[in-house]
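Enquirer: Kindly generate the corresponding structure for this input.
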Amino acid sequence: MKKLQNLPLYGVVFAILFFLVFPIIVVVIMSFSDSRFLTFPPKVFSLRWYESYFLDPAWMRATRNSFVLAILTTILVVPVGTAAAYGAHMCKMAIMRHMQLLLLSPVIVPVIIIAAGLYMVYAQVGLLATKLGLVLAFATMNLPYVFISVLAGLRSYDMAQEDVARSLGVSRLAAFMKVTLPQIRPSVMTGALFAFIGALDETVISIFIAGGENQTLPSRMFMSLNDEIDPTIASISTVLISVSFALVILMSLRSPKKANG
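Expert: Model prediction:
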């Protein structure tokens, strides 16, 4: 009887999940179309648009740029975000609340405003369409994800373990690296995952400051939509979706092993 009573709730949950997932399913199916235009459902299935994507040097260059920038961004924001979260957790001063709001401002302020501001600043210092400028911009946008994730991990961690290590003569840095970091590693990896996916998928910032040899995949996709819409965009979207899902699945598979080990 209890299961029957929960049927309406299950129905609502299923409807919400279907509403969220259905657009992704449509894009994936359209990517296998043989038609010159986006059609759903496809009349004939083909890998034509995947070949168009993988055999196009311009698309491949943009893809390589996006992955390189995402990796560099992740390498930068993980230690910085982790250090910021550790400092925010250890500091008991009232001003730290305002500092936390400052660190979270990139996810609070509309991204179009940040992009316009970065464009004006970069135009003055010569960082437009450069890898350094893009990495710094992506790091600014994705640092909050690492900060929030690591801070949540620290708040559920017993800092007495680190205090014990320090009482034995170990420095704070050594105690953090050997005792605290292994305990909060899942939170750090989660933040790194979100930072990588966020940098890989960043569109608005890329439109404003990317270009030339450093054009990213999202910005090239947006520019191509202005010229002509064809299923190549759907095939690229499917590849990005697959990469994101694969990373999430790998993270979920590693978590139980960490817990059991």
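Enquirer: how about stretch 127-139: buried residues?
Expert: 127-128, 130, 133-139 (16 or more other CB atoms under 10 Å). Quick note: C-beta positions are derived from backbone N, CA and C, even for glycine.
Enquirer: Over to stretch 92-100?
Expert: residue 100.
Enquirer: Contacts for it next, please.
Expert: residue 88 (CB atoms under 8 Å, 6 or more residues apart in numbering).
Enquirer: on that earlier part again, so can I have TSV of the buried residues of stretch 127-139 showing secondary structure?
Expert: Shown next, in TSV, are the buried residues of stretch 127-139 (DSSP: H, G, I helix; E, B strand; the rest coil):
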residue	secondary structure
127	coil
128	coil
130	coil
133	helix
134	helix
135	helix
136	helix
137	helix
138	helix
139	helix
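Enquirer: What residues of the strand or helix carrying residue 237 count as buried?
Expert: Element membership of residue 237, judged by DSSP states H and E, is helix 232-260. Applying a neighbour-count criterion of 16+ other CB under 10 Å, one finds 232-240, 243, 247 buried in helix 232-260.
Enquirer: Which other helices and strands does that helix contact?
Expert: The elements that helix 232-260 packs onto, with contact taken as 3 or more CB pairs under 8 Å, 6 or more residues apart in numbering; DSSP states H and E, are helix 7-30, helix 48-54, helix 57-90, helix 181-200, helix 217-227.
Enquirer: Name the stretch among the ones you listed that sits most buried.
Expert: For those, the stretch with the most neighbours on average is helix 181-200, a mean of 20; neighbours defined as mean count of other CB atoms under 10 Å.
Enquirer: Quick one: name whatever helix or strand follows that helix.
Expert: Following helix 181-200 in sequence order, the next helix or strand is helix 204-209 (DSSP H and E).
Enquirer: Contacts for that following helix next, please.
Expert: So helix 204-209 is in contact with 111-112, 114-116, 118-119, 122, 127-129, 133-134, 137-138, 141, 215-216, 218-219, 222, going by CB under 8 Å, 6+ apart.
Enquirer: show me where pLDDT drops low in the stretch 1-150 of the chain?
Expert: 1-5 (pLDDT under 70).
Enquirer: Now with 80, please.
Expert: 1-8, 10, 34-42, 44, 91-101 (pLDDT under 80).
Enquirer: for the residue nearest to residue 33 when sequence neighbours are not counted, helix, strand, or coil?
Expert: Of all residues not flanking residue 33 in the chain, residue 42 sits nearest, at 3.5 Å (CB to CB, 6 or more residues apart in numbering). What three-state DSSP gives for residue 42 is coil.
Enquirer: CA-only coordinates of the helix or strand harbouring residue 114 in CSV, if you can.
Expert: Residue 114 belongs to helix 111-125 when assigned by DSSP H and E. The C-alpha coordinates for helix 111-125 follow below in CSV (Å, rounded to 0.1, in the frame of the first residue of the first chain):
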residue,chain,number,x,y,z
VAL,A,111,28.2,36.5,-16.9
ILE,A,112,27.5,39.0,-19.7
ILE,A,113,28.6,41.8,-17.3
ILE,A,114,31.8,40.0,-16.4
ALA,A,115,32.5,39.2,-20.1
ALA,A,116,32.1,42.9,-21.1
GLY,A,117,34.4,44.0,-18.2
LEU,A,118,37.0,41.4,-19.1
TYR,A,119,36.9,42.5,-22.7
MET,A,120,37.5,46.2,-21.8
VAL,A,121,40.4,45.3,-19.4
TYR,A,122,42.0,42.8,-21.8
ALA,A,123,41.8,45.3,-24.6
GLN,A,124,43.9,47.7,-22.6
VAL,A,125,46.6,45.1,-21.5
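Enquirer: That concludes my questions; thank you for your assistance.
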